[in-house]
Structures are given as structure tokens and as C-alpha cells.
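Asks: here is the input, now give the coordinates:
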Amino acid sequence: MPISPLRLIKQCIEWREFSDEEVRDIPSNTRGIYVLFRQQAPKVYDVMYIGMAGADTAGVDSRLSRHLKSKTKGESCTHFSVFEVHDNIREDEIRELEGILRHVFRKDSHANQLAHQVGYAKLREVRRDEWSEWKSS
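Replies: Sure, this is the predicted structure:
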């Protein structure tokens, strides 16, 4: 069996048009992280929202279908990307990935327009304020 190039991400598809037709093509119950964008110019996409689908019963397809119907996200976003996780990745691990991304984008003026990203609480448990607090392994 070949070794996967990435430990967490199984496959991805990027910068797809945020439309009913494209969202319907996503396989049911795909688990992972997704990102909604607004295209500003050719090959320039602003991050508008970061989300996740980690349960076995509700995948990225159903989350994006709901966002399409949303007045804010449905009208503001033009494209999306999906990063599917491997089957052995647990929901809490997906939540951690999403949390880190949201934490990074929480003060970004573009990402904050729709998502109102907040910091990731668990990241605060391991955050160091000074290098002197950094623990060597």
C-alpha cells in the first residue's frame, strides 16, 4: 500500500464556483474542512468563511447547501474549496484543524466579514506569550 503524501488531508478541490451544480457534485458525507471565498480578480480570492464537517451523517455537501441558501454567505461568496480528511481522522481532530485556521483568520478583515471568527480556546491552553515560556520536548 502506498504511503499517503499528507497525514491528515486525503484530497482537496479548490476554488470551485459556489453554485448548486458544484455543491451537488460533492460526494455525500465528505468529512473535512471547507473554505468560502469571494473572488476579487482573476486568481485572487478573499477568505470569507472557514467551516468543518466531521460527523458521519452530515458532510461538507450538506453544510455548503445550507450556506448557499443563506442570505449573507449565499450572496457574498463566489467560490469554495474542500479539504477532505482521511477516514481515520476523528471529528475532534477535524475540529482542531478548523480551530487553528479560524484562530489565524480571526483578525483578518476579509475573513471576519461573514464568519466573525473567534479564537480557538484549546489553542490558548498551549499558547506561550514569551519565548522563555517555550517548552522543549
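Asks: burial of residue 58, as a residue count?
Replies: Residues lying near residue 58 (other C-beta atoms under 10 Å) number 14. (Glycine included, C-beta is placed from N, CA and C.)
Asks: cool, residue 10 as well?
Replies: Other residues near residue 10 come to 17 when the count uses other C-beta under 10 Å.
Asks: what bits of the chain have low per-residue confidence?
Replies: Along the chain, the model assigns pLDDT under 70 to residues 1, 110-131, 134-137.
Asks: ok, which stretches of the chain are strands?
Replies: With strands called from DSSP state E, the chain shows them at 9-17, 32-41, 44-53, 79-85.
Asks: need the ones you listed in JSON lines (columns: distance to residue 24).
Replies: Shown next, in JSON lines, are the strands of the chain (distance: least, C-beta to C-beta, whole Å):
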{"stretch": "strand 9-17", "distance to residue 24": "11"}
{"stretch": "strand 32-41", "distance to residue 24": "15"}
{"stretch": "strand 44-53", "distance to residue 24": "16"}
{"stretch": "strand 79-85", "distance to residue 24": "13"}
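Asks: so where do the helices sit in the chain?
Replies: Assigned by DSSP state H, the chain shows helices spanning 20-24, 60-69, 71-76, 91-105, 112-115, 121-126.
Asks: adding distance to residue 10 and mean neighbour count, write these out as JSON lines.
Replies: Compiled in JSON lines, the helices of the chain are given as follows (distance: least, C-beta to C-beta, whole Å; neighbours: other C-beta atoms under 10 Å):
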{"stretch": "helix 20-24", "distance to residue 10": "19", "mean neighbour count": "13"}
{"stretch": "helix 60-69", "distance to residue 10": "12", "mean neighbour count": "18"}
{"stretch": "helix 71-76", "distance to residue 10": "25", "mean neighbour count": "13"}
{"stretch": "helix 91-105", "distance to residue 10": "12", "mean neighbour count": "17"}
{"stretch": "helix 112-115", "distance to residue 10": "24", "mean neighbour count": "17"}
{"stretch": "helix 121-126", "distance to residue 10": "24", "mean neighbour count": "10"}
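Asks: many thanks, we can stop here.
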